[in-house]
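Peer 1: this one's sequence-less:
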């Protein structure tokens with residue numbers, strides 16, 4: 001009598017089930033970090049994108065899809081609203097832009113396109129969009145008057161571990177053409193690693209990122225391990241390099 005045991009589900013199928021259960025239309029790679037390694041999750045998400053079950057709308061950002069009833073083209077469930085949901089998932093607060101306020105108050109007859117989004121608080125440094133359509137960002141004024149300048153200099157604003165890794169990556173890409181460049185590159189490396197020591201994890205930062213930083217800051221780190229981590233960082237920020 002044959003066995004009735006079912007084959008274990010692959011990671012892609014498990015991700016699909018979790019996505020079906022989740023509210024909202026936007027997902028971060030970090031939403032699935034407990035289901036596999038960074039690379040495994042990435043491969044599964046790319047598989048769902050190829051099958052048109054998800055659409056990539058930014059670095060580490062994915063959204064549900066639907067087919068246009070007119071031409072069958074793949075589109076987002078709520079258009080611009082889905083892209084603004086992605087901003088909220090990243091912790092950014094969206095408010096009306098200057099053009100939207102002018103139109104709503106009757107000061108302007110120019111209808112805003114919606115491509116520009118005003119952001120208050122957290123900066124957004126990644127591109128968000130699809131099919132050649134990307135949002136532009138406008139810094140919104142604070143709700144209340146800013147405090148008078150302090151007499152003591154402020155400490156550097158905290159950065160996320162993803163931003164810290166980008167600093168390390170940018171320092172590693174400094175061009176070396178002469179002896180002085182080696183000194184500058186070494187200083188940039190040291191500054192990036194020092195800043196990385198204060199980095200905090202954002203909601204969409206996978207746990208591997210903090211581990212990379214901790215390892216790179218270890219002065220006893222063997223060169224071979226450093227190269228492995230730097231290769232992973234290059235794959236993250238420059239995946240199409242030769």
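Peer 2: Now that the structure is in, tell me what you want to look at. Being a predicted model, the structure only gives us computed values, none of them experimental.
Peer 1: just checking, what packs against the longest helix along the chain?
Peer 2: Secondary structure of the chain read by DSSP state H shows that its longest helix is helix 179-196. Using 3 or more C-beta pairs under 8 Å, 6 or more residues apart in numbering; DSSP states H and E as the contact test, the elements touching helix 179-196 are helix 161-172, helix 207-216. All C-beta spots, glycine's among them, are computed from the backbone N, C-alpha and C.
Peer 1: closest one to residue 37 among the ones you listed?
Peer 2: Residue 37 lies closest, by C-beta to C-beta, to one member of the helices and strands packed on helix 179-196: helix 207-216, at 7.4 Å.
Peer 1: Going toward the C-terminus from that closest one, what's the next helix or strand?
Peer 2: Helices and strands here follow DSSP states H and E; after helix 207-216, the next one along the chain is helix 223-237.
Peer 1: Now do that next one: which elements does it pack against?
Peer 2: By 3+ C-beta pairs under 8 Å, 6+ apart, helix 223-237 packs against helix 161-172, helix 207-216.
Peer 1: what does that helix rub up against?
Peer 2: Applying C-beta atoms under 8 Å, 6 or more residues apart in numbering, the contact partners of helix 223-237 are 165, 166, 168, 169, 172, 212, 215, 216, 241.
Peer 1: how about a cut-off of 10 Å?
Peer 2: With contacts defined as C-beta atoms under 10 Å, 6 or more residues apart in numbering, helix 223-237 is touched by 38-39, 42, 59-60, 162, 165-166, 168-170, 172-173, 208-209, 211-213, 215-216, 218, 221-222, 241.
Peer 1: now stretch 108-120
Peer 2: 79-81, 83-84, 87, 90, 92-104, 124, 128-129, 133-143.
Peer 1: Which stretches in the chain count as strands?
Peer 2: 26-28, 54-58, 61-64, 66-67, 74-75, 93-95, 116-120, 129-130, 133-134, 136-139 (DSSP state E).
Peer 1: Can you add distance to residue 12 and give these back as a markdown table?
Peer 2: Shown next, in a markdown table, are the strands of the chain (distance: least, C-beta to C-beta, whole Å):
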| stretch | distance to residue 12 |
| --- | --- |
| strand 26-28 | 14 |
| strand 54-58 | 11 |
| strand 61-64 | 13 |
| strand 66-67 | 20 |
| strand 74-75 | 18 |
| strand 93-95 | 32 |
| strand 116-120 | 32 |
| strand 129-130 | 21 |
| strand 133-134 | 27 |
| strand 136-139 | 33 |
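Peer 1: Any idea which residue is closest to the centre of this protein?
Peer 2: Note on the chain: the residue nearest the mean C-alpha position is residue 59, at 4.4 Å, using C-alpha atoms, centre = their mean.
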